[in-house]
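Student: Starting from these lines, generate the structure:
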Amino acid sequence: MSFCIKAGEHIALVGATGSGKTSIVNLLMKFHEVNKGNIFIDDTNIKDIQTKDIRNSISYVGQECVLFNDTIFNNIAFAIDNAGEEDVFKAAKNAHIHDFIMSLPDKYNTMVGDNGLCLSGGQRQCICLARAFLKNSYIYILDESTSALDQSLEATVIETIDSICKGKTLVFITHKLPSNMHFDSIYAVENGIVLKR
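Tutor: Numbering: from 1, shown residues only. This is a model prediction of the structure:
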């Protein structure tokens with residue numbers, strides 16, 4: 001496969017489960033090493049870029065929402081050093097989870113349990129999205145990051161993602177394209193082959 005994502009472009013990677021979409025993300029994030037071919041970021045081979053530098057420059061939400069057995073506040077604030085209350089609240093509002101958090105007895109001090117066991121799948125996704133919004137990187141990689149949301153909330157969150165990522169590079173991985181989101185390019189992934197649609 002060979003394809004190029006330009007700076008500031010919004011692209012979608014679509015395909016069936018197991019087609020290879022997440023494998024591409026795993027290579028971009030250096031969760032797996034490239035052992036054949038090359039990936040370049042701004043003309044620099046990804047092999048020559050420190051893993052922490054790549055991950056620090058990307059706001060990433062994967063299929064599995066990673067939450068710590070800590071408060072909701074700390075799970076969002078984890079994205080950056082010295083996160084302020086207002087910044088965390090703004091990120092949660094952008095992820096459309098603030099009102100739910102404020103309805104809890106302990107609000108942002110609510111413990112989420114091991115890997116967020118005290119929350120639904122959709123609530124976990126929204127907290128992970130809030131963390132990504134707080135990080136505010138130039139590159140966003142969102143891998144099935146709205147799959148656990150109901151249809152109405154998903155449409156609202158997707159509109160927010162589209163707005164927040166204006167002027168930034170967005171790689172949106174999904175098995176079903178959202179109708180209310182603009183993409184500069186759409187790539188179909190089929191059996192490890194990428195085809196431009």
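
Student: Just list the residues touching G121, thanks.
Tutor: Shown in contact with G121 (CB atoms under 8 Å, 6 or more residues apart in numbering): 65, 148. Every residue, glycine included, has its C-beta placed from N, CA and C.

Student: and the gap between it and K52?
Tutor: Distance of G121 to K52, given as CB to CB, to the nearest Å: 29 Å.

Student: Relative to its centre, which residue of the protein is most distant?
Tutor: Here the chain reaches farthest from its C-alpha mean at P105, the gap being 28.4 Å by CA atoms, centre = their mean.

Student: now the strands for this structure?
Tutor: Counting by DSSP state E, the chain has strands at residues 10-14, 40-41, 44-45, 58-61, 139-143, 169-174, 185-190, 193-196.

Student: could you dump these to JSON lines with distance to S163 and mean pLDDT?
Tutor: Output for the strands of the chain, formatted as JSON lines (distance: least, CB to CB, whole Å; pLDDT from 0 to 100):
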{"stretch": "strand 10-14", "distance to S163": "11", "mean pLDDT": "92"}
{"stretch": "strand 40-41", "distance to S163": "25", "mean pLDDT": "89"}
{"stretch": "strand 44-45", "distance to S163": "30", "mean pLDDT": "92"}
{"stretch": "strand 58-61", "distance to S163": "14", "mean pLDDT": "94"}
{"stretch": "strand 139-143", "distance to S163": "12", "mean pLDDT": "94"}
{"stretch": "strand 169-174", "distance to S163": "11", "mean pLDDT": "93"}
{"stretch": "strand 185-190", "distance to S163": "19", "mean pLDDT": "89"}
{"stretch": "strand 193-196", "distance to S163": "25", "mean pLDDT": "80"}
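
Student: Among the ones you listed, which comes closest to E154?
Tutor: With CB to CB, the closest approach to E154 among the strands of the chain belongs to strand 169-174: 10.5 Å.

Student: quick one: contacts of the closest one?
Tutor: Here strand 169-174 makes contact (CB under 8 Å, 6+ apart) with 5-14, 21-22, 24-25, 28, 138-144, 147, 161, 181, 183.

Student: who does that strand pair up with?
Tutor: Paired with strand 169-174 in the same sheet, following DSSP bridges, are strand 10-14 (parallel), strand 139-143 (parallel).

Student: Among these, which comes closest to N75?
Tutor: Of all the strands paired with strand 169-174, the one in closest proximity to N75, counting by CB to CB, is strand 139-143 (17.6 Å).

Student: Can you list the buried residues in the helix or strand of the chain with the lowest mean pLDDT?
Tutor: In the chain, no helix or strand scores lower on mean pLDDT, DSSP states H and E than strand 193-196, which sits at a mean of 80. Buried residues in strand 193-196, defined by neighbour count with 16 or more other CB atoms under 10 Å: V194.
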